[in-house]
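# I would like to see how this sequence folds:
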Amino acid sequence: MPPVRFRCGGAGIYQNMIQSHPSPGVHGCGRGGGPLSARQAVILAGGAGTRLLPLTRERPKAMVEVNGVPILRHQLDWLAACGVERVVVSAGHLAEVIVAYLDSRPPPPRTAAVVEERPLGRGGGLRRAARALPYPGEPWFAVYGDIWTRFCLGGMRAHHVRAGAAATVALAGPGLPGRAVAHDELGRVTDLAPATPVPGRVNAGVYLFAWRVTALLPEEGDHADTTLPRLVGARQLTGYPIDAPWRAVNTPADVMSLERDLAIRRTARRTSRQATHTTRTE
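Model (predicted):
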């Protein structure tokens, strides 16, 4: 079964930085190469996915299938639909599975794998993969390899430019499981791990980094312990709230839940198309 495709309604630039951004879809989002485009990305896909066992016994986490399609393909198709041209995949555990898959699939987007010889942590993996990006000096998206989402990245890029920050993180929710993120009235992130969890939005695992952030990432370790707190302290990390489909895929139950949700969405779209067709023919 091919990945579910969405039409792009686009997310506009909002005066209020903390206003959420509904995104009906992504087809064609961000194309055109204008000043609001970001044409390169890193997917962080080095994790072993132990909580996804037995699904990850012979494949890395990013290659776990949702409706018969690897999560990695869902992500690559989404990035391509948003105008991303080049993607570097940071691979570690069972990297050969990812390398073989990327070698077998046609563009877009054009892809390459950077394989860790030993675990470098999320921050180290991002830094090493970013060095292989083809457009030094340009901004780049970073995506965790265990999420499924659909929203217009062109809108996130526009928000990033408007905010003037070094980095932007997508905020999913409200009411979804994940790490809570606190922000001020202007949308600047004030705490990535508040001592008292705040109701509202969570880190969606999608970032947009100015190129200069690459040098702030650790050679080894987690960027959440080093780079992100430094950006928060400098008021250089802004939040981009999204009201779009988003799921973290951490357990077999998450896979089944996502597949049920996608089936419901397909049925709803089919019903809507049939109703529209009936109305037009009456």
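# what ranges do the helices span in the stretch 101-250 of the chain?
Applying DSSP state H, counting those that start in this stretch to the stretch 101-250 of the chain gives helices spanning 121-130, 153-163, 227-233.
# next up, the contacts around the closest residue to Arg128 other than its chain neighbours.
Leaving aside its sequence neighbours, Arg128 sits nearest to Val114 (Cβ to Cβ, 6 or more residues apart in numbering; 5.7 Å). Bear in mind the C-beta positions are built from the backbone N, C-alpha and C, glycine included. When contacts are counted by Cβ atoms under 8 Å, 6 or more residues apart in numbering, Val114 touches 88-91, 128-129, 132.
# tell me how far Val114 lies from Val42.
Separation of Val114 from Val42 (Cβ to Cβ, to the nearest Å): 9 Å.
# what's the neighbour count on the closest residue to Phe209 other than its chain neighbours?
Take Phe209 and drop its neighbours on the chain: the residue closest to it by Cβ to Cβ, 6+ apart is Ala167, 5.1 Å away. Each residue near Ala167 was counted by other Cβ atoms under 10 Å, and the total is 24.
# so which of the helices of the stretch 101-250 of the chain is nearest Leu208?
With Cβ to Cβ as the measure, helix 153-163 is the member of those nearest Leu208 (4.9 Å).
# now do that closest one: which elements does it pack against?
strand 21-22, strand 167-172, strand 202-209, strand 237-243 (3 or more Cβ pairs under 8 Å, 6 or more residues apart in numbering; DSSP states H and E).
# then the third one to PDB, C-alphas only?
Just to be clear, that refers to strand 202-209. Written as PDB, here are the backbone C-alpha positions of strand 202-209 (Å, rounded to 0.1, in the frame of the first residue of the first chain):
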ATOM      1  CA  VAL A 202       5.000  18.700  23.200                       C
ATOM      2  CA  ASN A 203       8.300  18.500  21.200                       C
ATOM      3  CA  ALA A 204       7.300  17.000  17.800                       C
ATOM      4  CA  GLY A 205      10.800  16.000  16.900                       C
ATOM      5  CA  VAL A 206      11.100  18.300  13.900                       C
ATOM      6  CA  TYR A 207      13.600  21.200  13.900                       C
ATOM      7  CA  LEU A 208      14.700  23.900  11.600                       C
ATOM      8  CA  PHE A 209      18.300  24.900  12.200                       C
END
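# counting by contacts, list what it packs against.
strand 140-144, strand 147-149, helix 153-163, strand 167-172.
# who touches the second one?
Looking back up the chat, that one is strand 147-149. By Cβ under 8 Å, 6+ apart, strand 147-149 touches 66, 71, 74-75, 78, 170, 172, 204-206, 242, 244-249, 258.
# please apply the same query to stretch 225-243.
So stretch 225-243 is contacted by 11, 17-23, 123, 149, 151, 155-156, 159-160, 163, 165-173, 181, 183, 187-192, 201, 204, 208, 213, 216-218 (Cβ under 8 Å, 6+ apart).
# tell me, how many residues neighbour Arg235?
Neighbour count of Arg235, defined by other Cβ under 10 Å: 14.
# and it, what's its pLDDT?
If you check Arg235, the pLDDT there is 94.
# what does Leu217 give?
Listed pLDDT for Leu217 reads 97.
# please identify the buried residues of stretch 39-48?
39-47 (16 or more other Cβ atoms under 10 Å).
# before we move on, what about stretch 68-83?
By neighbour count on 16+ other Cβ under 10 Å, the buried set for stretch 68-83 is 70-83.
# okay, and which of those residues map to helices?
71-81 (DSSP state H).
# closest one of these to Val99?
Of these, the one sitting nearest to Val99 (Cβ to Cβ) turns out to be Leu72, at 11.5 Å.
# and the nearest residue to the closest one once chain neighbours are set aside, what does it touch?
In this structure, Leu72 finds its nearest non-sequential neighbour in Ala62, 4.3 Å apart by Cβ to Cβ, 6+ apart. When contacts are counted by Cβ under 8 Å, 6+ apart, Ala62 touches 43, 45, 47, 70-72, 75, 89, 98, 145-146.
# now the ones in helices among the buried residues of stretch 68-83 in JSON lines, with distance to Ala263 and pLDDT?
Shown next, in JSON lines, are those (distance: Cβ to Cβ, whole Å; pLDDT from 0 to 100):
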{"residue": "Ile71", "distance to Ala263": "17", "pLDDT": "96"}
{"residue": "Leu72", "distance to Ala263": "21", "pLDDT": "97"}
{"residue": "Arg73", "distance to Ala263": "18", "pLDDT": "96"}
{"residue": "His74", "distance to Ala263": "15", "pLDDT": "95"}
{"residue": "Gln75", "distance to Ala263": "20", "pLDDT": "97"}
{"residue": "Leu76", "distance to Ala263": "22", "pLDDT": "97"}
{"residue": "Asp77", "distance to Ala263": "18", "pLDDT": "96"}
{"residue": "Trp78", "distance to Ala263": "19", "pLDDT": "96"}
{"residue": "Leu79", "distance to Ala263": "24", "pLDDT": "96"}
{"residue": "Ala80", "distance to Ala263": "24", "pLDDT": "96"}
{"residue": "Ala81", "distance to Ala263": "21", "pLDDT": "94"}
